[in-house]
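Trainee: Have a look; sequence and predicted model below, questions after that.
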Amino acid sequence: MNYDERRTVFELHPIDDYFFAAVVALEAARLRTLYTPREAEELLSEIGEQVDVRAGRRDRVVSDLCST
């Protein structure tokens with residue numbers, strides 16, 4: 001990728017989104033050990049619904065990163 005292409009990628013997907021997704025995913029992974037499978041699934045679903053809004057995104061980029 002040339003400079004302009006890299007800049008476009010980071011404008012569309014700021015590096016902060018990746019850090020935020022990583023922190024959320026690491027903390028969310030612990031839920032399965034702290035709660036019953038049903039409770040953990042409900043909590044993970046709620047996190048998935050809220051994480052993009054909290055990151056200031058209008059798409060599902062951060063929630064997709066968290067769930068991969």
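Mentor: Perfect, thanks for sending it.

Trainee: Pull out the buried residues from the longest helix along the chain.
Mentor: Ranked by residue count, the top helix of the chain under DSSP state H comes out as helix 37-54. Within helix 37-54, the residues that qualify as buried by neighbour count (16 or more other CB atoms under 10 Å) are 40, 44, 47-48, 51-52. (Each C-beta comes from the backbone N, C-alpha and C, glycine too.)

Trainee: So of those, which two are at opposite extremes in space?
Mentor: Greatest spatial distance in these: 40 and 52, 20.2 Å, computed using CB to CB.

Trainee: that older thread, give me the residues contacting the next helix or strand after the longest helix of the chain.
Mentor: Under the assignment DSSP states H and E, the closest C-terminal helix or strand after helix 37-54 is helix 61-67. With CB atoms under 8 Å, 6 or more residues apart in numbering as the test, helix 61-67 has contacts from 13, 17-18, 20-22, 24-25, 28, 47-49, 51-52, 55.

Trainee: what is the rounded mean pLDDT of helix 61-67?
Mentor: Mean pLDDT, computed over helix 61-67, is 87.

Trainee: Could you give me the buried positions within that helix?
Mentor: 61-63, 65-66.

Trainee: and the two most separated of those residues?
Mentor: Farthest pair in those, by CB to CB: 61 and 66, 9.8 Å.
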